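J.: can you look at this prediction? I've put the sequence above it.
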Amino acid sequence: MGRLAGKATFITGAAAGIGRESALLFAAEGAAVAVVDRDGDGAADVVAEITEAGGTAVGLTADVAVETSVAAAISDAEEAFGRLDVVFNNAGIMLAADGDAQSTEEAVWDLTMDVNLKGVWFGCRHGIPALRRAGGGSIINTASFVALVGAATPQLAYTASKGGVLAMTRELAVTHAREDIRVNALCPGPLRTELLMSYLDTEEMRQRRLVHVPMGRFGEAVEIAAAALFLASDDSSYVTGTDFSVDGGLTAAYVTPE
């Protein structure tokens with residue numbers, strides 16, 4: 001039996017990157033997976049991959065920045081599986097026009113906050129009652145290493161949104177601990193995903209980011225999925241309120257280059 005056998009899981013941003021790899025891994029470990037994404041076709045492709053491998057999954061189209069959309073997706077997932085045990089609020093954006101305090105436009109700030117911070121809040125707001133109905137469970141919120149250290153390449157809205165995810169995660173963990181609802185934040189380091197590579201779109205920018213990583217390479221989405229699996233499973237039954245860094249040692253050795 002897999003580490004998530006019998007568990008029903010809900011993953012946003014699951015059509016690509018960390019979300020896709022987590023959906024595939026969770027299903028391989030025995031979970032039923034709600035594959036949630038604004039890209040309905042992409043979600044359907046992940047569902048097809050899971051079902052072809054003998055797993056259980058449903059695809060749901062949702063915009064995490066819209067509360068009614070998140071509420072409907074969680075309701076549909078709970079109805080499909082009869083319960084929810086894990087909510088992985090993973091969807092996020094990183095906009096090329098996100099810079100420093102002077103260059104970042106208000107529209108970029110607002111959209112980033114709507115998806116990265118408000119979207120996580122909506123997932124918790126509607127996911128917690130579902131987990132409560134199941135008798136407890138795990139919430140995983142995707143933050144970032146930039147919530148813990150300053151980014152070498154300015155991306156103020158993204159950094160602020162991920163810092164908010166950490167603060168919200170800690171408070172919810174304390175609030176719901178006695179309900180057997182665990183809430184943890186994943187803090188990935190720089191990853192070789194389409195999201196980051198489209199932002200670090202020159203070799204100079206990529207090397208500026210890598211100079212801070214002791215392992216000297218970008219992480220892979222599947223490595224973050226493995227960390228999410230731990231937080232979703234009963235292996236982490238005494239873990240809540242953490243900022244779980246999976247960053248190649250970056251936050252342990254972060255220095256500003258001369």
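T.: Yep, it's here. Numbers count the residues shown, from 1 in each chain.

J.: what is the mean pLDDT for stretch 187-207?
T.: The predicted model gives stretch 187-207 an average pLDDT of 77.

J.: just the endpoints, please. Distance across that stretch?
T.: 20 Å (Cα to Cα, to the nearest Å).

J.: distance between it and the chain's centre?
T.: 17 Å (Cα atoms, centre = their mean, to the nearest Å).

J.: repeat for stretch 142-153
T.: 14 Å.

J.: what does stretch 169-182 give?
T.: The answer for stretch 169-182 is 18 Å, by Cα atoms, centre = their mean.

J.: and that stretch, what's buried?
T.: 169, 170, 172, 173, 176, 181, 182 (16 or more other Cβ atoms under 10 Å). For every residue, glycine as well, the C-beta is placed using N, CA and C.

J.: so who does the fourth one touch?
T.: Neighbouring residues of residue 173 by Cβ atoms under 8 Å, 6 or more residues apart in numbering: 182, 183, 184, 240, 241, 242.

J.: most neighbours among those residues, which one?
T.: In terms of neighbours by other Cβ atoms under 10 Å, the contacts of residue 173 top out with residue 183 at 29 neighbours.

J.: and the host helix or strand of it, what other elements does it pack with?
T.: According to DSSP states H and E, residue 183 maps onto strand 181-188. The contact analysis (3 or more Cβ pairs under 8 Å, 6 or more residues apart in numbering; DSSP states H and E) places strand 181-188 against helix 119-133, strand 137-142, helix 156-176, helix 221-232, strand 243-246.

J.: these two touch, right, residue 187 and residue 141?
T.: No. With contact defined as Cβ atoms under 8 Å, residue 187 and residue 141 do not form a contacting pair (10.0 Å).

J.: which residues are in contact with each of the two?
T.: Contacts common to residue 187 and residue 141, judged by Cβ under 8 Å, 6+ apart, are absent.

J.: packing partners for the following helix or strand past the strand holding residue 183?
T.: As assigned by DSSP H and E, the chain's next helix or strand after strand 181-188 is helix 194-199. Contacting helix 194-199 under the criterion 3+ Cβ pairs under 8 Å, 6+ apart is no other helix or strand.
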